[in-house]
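J.: here are the coordinates; sequence isn't available:
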């Protein structure tokens, strides 16, 4: 679903939280690493996270966490770095799991 819509979903939960379940296609960048990650060069970002670094104007960057609080902080962080059109997944993984996981 994410690839079909060209969405880059960044999960800002801690790695131990992601082990319990994640949205398929998401990439884990813990909240504490978000600013440093988005200040990396394109090459360093791709080498570290195995996806192309989102462009500041792509409009397809979405942040998620457990319930939406940390992902909103990540969104504000990248907005302060000049990213436009980034989004927060309202309700986070819990809302996604409730809405979609039962159908899988």
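T.: Great, that's in hand. What you see is a predicted model; the values in this text were computed from it and never measured.

J.: show me the helices in the protein, by range?
T.: 15-19, 34-39, 42-49, 69-80, 92-100 (DSSP state H).

J.: now, of those helices, which is deepest in the fold?
T.: helix 69-80 (a mean of 18; mean count of other C-beta atoms under 10 Å). In short, each C-beta sits where N, CA and C put it, glycine included.

J.: average pLDDT for that helix?
T.: Averaging pLDDT along helix 69-80 gives 98.

J.: can you give me the angle that helix makes with helix 92-100?
T.: 110 degrees (axes from the mean of the first three to the mean of the last three C-alpha atoms, to 10 degrees).

J.: the closest residue to residue 89 other than its chain neighbours pairs with what?
T.: Once flanking residues are discounted, residue 89 sits nearest to residue 64: 4.0 Å by C-beta to C-beta, 6 or more residues apart in numbering. On the basis of DSSP bridges, residue 64 is bridged to residue 11.

J.: now residue 64: how far from residue 44?
T.: Computed as C-beta to C-beta, to the nearest Å, the residue 64 to residue 44 distance reads 23 Å.
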